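S.K.: Quick check, what structure comes out for this input:
(one chain, ligands or ions: 1)
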Amino acid sequence: MSVESPTLVRDDVHVVDDERFGPESVALVTGAASGIGRATAVALAVNGLTVAALDVDREGLAETAAVAEEMGAPGDIHPVEADLTDDEAVIAAVEAAAELGDLRYVANVAGLQHVAPIEEFPMDVYDTMQAVMVRAPTLIAKHALPHIREAGSGAVGNMASVHGHYVTADKVAYNVAKFGIRGLTQSIAAEGDGDVRSFSVSTGYVKTPLVVDQIPDTAAERGISEREVVEDVMLGQSRATEMMEPVDVANLFVLGFSELGSHLNGGDLRFDDGMTLTYE
Ligand code: NAD
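M.R.: The predicted structure follows:
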């Protein structure tokens with residue numbers, strides 16, 4: 001058997017009846033050209049929001065917009081090509097999102113991984129990872145908060161990970177970044193006066209192209225089946241036999257942004273199938 005990237009289906013998107021979920025409300029979603037960011041952009045468009053979809057990958061963004069359109073999503077997706085390591089581009093992207101209507105929601109999803117021991121970790125890669133996963137979300141908050149306050153209320157959702165709770169070896173930059181994004185989340189909650197809420201989302205492995213594509217190689221390397229890679233390696237610490245799909249994570253952003261999340265402020269949605277809280 002092989003594990004495939006799941007297809008995004010409209011029926012899997014959770015739709016919340018929320019008076020703010022209309023075309024006048026704008027959500028800025030980073031990392032929107034792929035995986036969890038794409039699913040989040042599409043899910044918010046299905047919920048009727050206008051979405052500013054940010055990524056460096058122009059073709060991926062076009063595909064995200066096409067997926068939403070094919071689904072007949074009521075909200076529009078506007079691609080915003082920008083590199084999150086470029087301050088000017090980040091600030092311009094926030095202003096472009098605010099031009100589309102009332103900027104109320106931000107989903108910081110973009111991220112990248114690099115595996116190497118601390119003694120060998122390339123510091124330029126470390127800097128890029130902190131820039132994309134911690135600095136850019138902070139800069140986005142700096143420029144988006146005034147718009148959200150002007151709109152009256154809203155929320156910033158940040159993609160963390162189980163690596164924002166416990167860590168594995170050889171992922172120092174990722175571990176530090178994911179602990180950092182939880183600090184940013186709580187800082188926004190501290191300064192948001194209840195009008196600008198903030199939350200983070202922490203999951204274990206999710207069936208994104210990035211994860212699915214490494215399954216055959218890992219199986220070959222270890223001499224085990226692809227199913228064993230999923231069940232023993234990726235889900236070994238969790239109490240599940242199936243990985244989460246990007247849309248499952250997207251639905252957590254929908255929940256956090258909606259009035260269902262109105263008392264969620266500074267908190268972390270840790271949906272990890274028990275990965276960090278149980279052991280056998
Ligand atoms: P992905 O590689 O499918 O998507 C990441 C996106 O970020 C890509 O479209 C990429 O172009 C974009 N990006 C990277 N650098 C950028 C930059 N400088 N400027 C603009 N965009 C940039 O990854 P994914 O698996 O969907 O992961 C998304 C987020 O979820 C990441 O923060 C990741 O750490 C987190 N996460 C993923 C998993 C998982 O198992 N896939 C689990 C927990 C947390």
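S.K.: Please report phi then psi for the closest residue to the ligand within the stretch 101-250 of the chain.
M.R.: Using CB to the nearest ligand atom, the single residue of the stretch 101-250 of the chain nearest to the ligand is residue 111, 2.3 Å away. Backbone N, C-alpha and C define where each C-beta goes, glycine included. Backbone torsions for residue 111, taken as degrees, to the nearest 10, come to phi -170, psi 170.
S.K.: residue contacts, it?
M.R.: The contact partners of residue 111, by CB atoms under 8 Å, 6 or more residues apart in numbering, come to 31, 129, 132-133, 159, 174, 177.
S.K.: Quick check: which of those are also close to the ligand?
M.R.: 31, 132, 159 (CB under 6 Å from any ligand atom).
S.K.: Of those, which belong to helices?
M.R.: Among those, none falls in helices (DSSP state H).
S.K.: Kindly reformat these as CSV containing distance to residue 143.
M.R.: Compiled in CSV, those are given as follows (distance: CB to CB, whole Å):
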residue, distance to residue 143
31, 18
132, 16
159, 19
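S.K.: Keep only those of those that are in strands.
M.R.: residue 159 (DSSP state E).
S.K.: thinking again about what came up before, farthest-apart pair in the contacts of residue 111, please.
M.R.: Greatest spatial distance among these (CB to CB): 31 and 174, at 14.4 Å.
S.K.: With neighbour numbers in mind, choose between those two.
M.R.: Applying other CB atoms under 10 Å to residue 31 and residue 174 shows that residue 31 carries more neighbours, namely 27 against 22.
S.K.: thinking the more buried one is in contact with residue 39, fair?
M.R.: No: under the criterion of CB atoms under 8 Å, residue 31 is not in contact with residue 39, lying 10.3 Å apart.
S.K.: who in the stretch 51-200 of the chain is up against the ligand?
M.R.: So far as CB under 6 Å from any ligand atom goes, the stretch 51-200 of the chain lies against the ligand at 55-57, 60, 83-85, 109-112, 132, 159, 161.
S.K.: quick check, nearest of these to residue 120?
M.R.: Lowest distance from residue 120 to those (CB to CB) belongs to residue 112, with 17.7 Å.
S.K.: Count the neighbours of that closest one for me.
M.R.: Residues within reach of residue 112, counting by other CB under 10 Å, total 15.
S.K.: what sits against it?
M.R.: 128-129, 132-133 are the contacts of residue 112 under CB under 8 Å, 6+ apart.
S.K.: export those residues to TSV and tack on distance to residue 151 and pLDDT?
M.R.: Shown next, in TSV, are the contacts of residue 112 (distance: CB to CB, whole Å; pLDDT from 0 to 100):
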residue	distance to residue 151	pLDDT
128	32	98
129	31	98
132	26	98
133	26	98
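S.K.: Most neighbours among these, which one is it?
M.R.: Counting by other CB under 10 Å, top hit in the contacts of residue 112: residue 133 with 30 neighbours.
S.K.: Please name the nearest non-neighbouring residue to that one.
M.R.: What sits nearest to residue 133 in space, not counting adjacent residues and going by CB to CB, 6 or more residues apart in numbering, is residue 177, at 4.0 Å.
S.K.: for residue 18, same thing?
M.R.: Counting by CB to CB, 6+ apart, the residue nearest residue 18 is residue 258, at 4.6 Å.
S.K.: isn't that neighbour right up against residue 14?
M.R.: No: under the contact definition of CB under 8 Å, residue 258 does not touch residue 14, with a separation of 9.1 Å.
S.K.: In terms of neighbours, single out the busier of these two.
M.R.: Just comparing residue 258 and residue 14: by other CB under 10 Å the higher neighbour count belongs to residue 258, 20 against 16.
S.K.: how about that one, what does it touch?
M.R.: When the contact criterion is CB under 8 Å, 6+ apart, the partners of residue 258 are 16, 18, 20-21, 47.
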